[in-house]
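**Q** Here you go, sequence then predicted model.
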Amino acid sequence: MGALEVLVSDILCEAGLKKVDVRTRTALELPGYFRATKKWDLIVVSDGALVLAMEFKSQAGKSIGNNVNNRSEEAVGSAKDIWTAFREGRFGQSPPPFLGYLFLLEDRDNVKAPVVNKEPYFQVDPEFQGETHLKDTAALRRYRGVSYSKRYERLYTSACFMMATNSRKTKITQPAEDLNFQRFVAALRGHVVTFLGSRSKS
């Protein structure tokens with residue numbers, strides 16, 4: 001993920017931000033509401049204003065499925081925490097920051113296999129049901145590439161989802177058009193341009 005952090009940092013500087021304001025290694029703590037601070041992967045603080053905060057997450061290996069819920073809870077919790085802190089004035093009177101989430105998943109067979117949703121009392125949200133296939137009288141809920149943008153749109157300014165093979169010649173794919181890297185970068189650049197424009201007028 002380090003290479004992606006460097007790439008995003010370069011994009012931010014090309015958009016007009018000062019390199020000294022783009023942090024990826026140290027001084028990454030920001031105040032929260034439900035906890036004192038959280039360490040982000042990349043932040044930009046310029047002229048006393050929080051411009052953006054980003055998370056870079058990845059999952060790889062045979063036990064990917066075991067950590068899916070943890071990643072979801074972490075992503076939702078972090079977003080809720082910082083937006084509440086923003087509402088409570090922890091970042092001064094500046095405009096809302098850009099909140100970004102970039103997720104890289106290893107492209108392997110087990111992430112494409114059918115998944116069983118356990119529903120002993122109530123049915124899961126239709127977004128997670130996918131196509132129903134019968135096997136030995138048990139209904140399997142097959143993942144069908146459902147976009148999570150509807151869930152993230154009020155939590156993150158923009159999110160990016162990519163898959164990459166763990167092979168000599170790495171193949172990168174972007175399963176969801178609305179979560180591709182190009183759209184993510186466009187939103188990122190747009191935010192920086194707006195921020196710099198507001199600073200030049202003040």
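**A** That came through fine.
**Q** Can you list the helices and strands that the helix or strand harbouring Phe103 packs against?
**A** Using DSSP states H and E, Phe103 sits in strand 98-106. On a contact count with 3 or more CB pairs under 8 Å, 6 or more residues apart in numbering; DSSP states H and E, strand 98-106 meets helix 2-14, strand 49-59, helix 68-87, strand 158-164, helix 181-201. All C-beta atoms are positioned from the backbone trio N, CA, C, and that covers glycine.
**Q** Okay, Leu179 and Tyr156: tell me how far apart.
**A** Distance, Leu179 to Tyr156, using CB to CB, to the nearest Å: 10 Å.
**Q** Settle it for me: which of these two has more neighbours?
**A** Ranked by neighbour count (other CB atoms under 10 Å), Leu179 and Tyr156 place Tyr156 first, with 24 against 21.
**Q** is it true that that one touches Leu99?
**A** Yes. Using CB atoms under 8 Å, Tyr156 is in contact with Leu99, at 4.9 Å.
**Q** Need the mean per-residue confidence for stretch 74-82.
**A** Averaged across stretch 74-82, the pLDDT comes to 94.
**Q** who touches it?
**A** 30, 32-35, 38, 53, 55, 57, 99, 101, 152, 155-156 (CB atoms under 8 Å, 6 or more residues apart in numbering).
**Q** circling back to that earlier point, what strands flank the strand holding Phe103, and is each parallel or antiparallel?
**A** For strand 98-106, the paired strands and their directions (DSSP bridges) read strand 49-59 (parallel), strand 158-164 (parallel).
**Q** Tell me which of those strands sits nearest to Arg108.
**A** Among those, the nearest to Arg108 by CB to CB is strand 158-164 (9.0 Å).
**Q** Go ahead and confirm Pro96 touches Arg87.
**A** No. Under the criterion of CB under 8 Å, Pro96 makes no contact with Arg87, lying 9.7 Å away.
**Q** right, and the helices and strands packed on strand 98-106 - which one's nearest Leu42?
**A** With CB to CB as the measure, strand 49-59 is the member of the helices and strands packed on strand 98-106 nearest Leu42 (4.4 Å).
**Q** State the distance from Cys160 to Pro31.
**A** Per CB to CB, Cys160 is found 25 Å from Pro31.
**Q** ok, now Pro175?
**A** For Pro175 relative to Pro31 (CB to CB), the value is 35 Å.
**Q** Gly89 now?
**A** 10 Å.
**Q** before we move on, what about Ala186?
**A** Taking CB to CB as the measure, Ala186 and Pro31 are separated by 29 Å.
**Q** So in the chain, where's the weakest helix or strand by average pLDDT?
**A** Least confident helix or strand of the chain, by mean pLDDT, DSSP states H and E, is strand 138-142 with a mean of 43.
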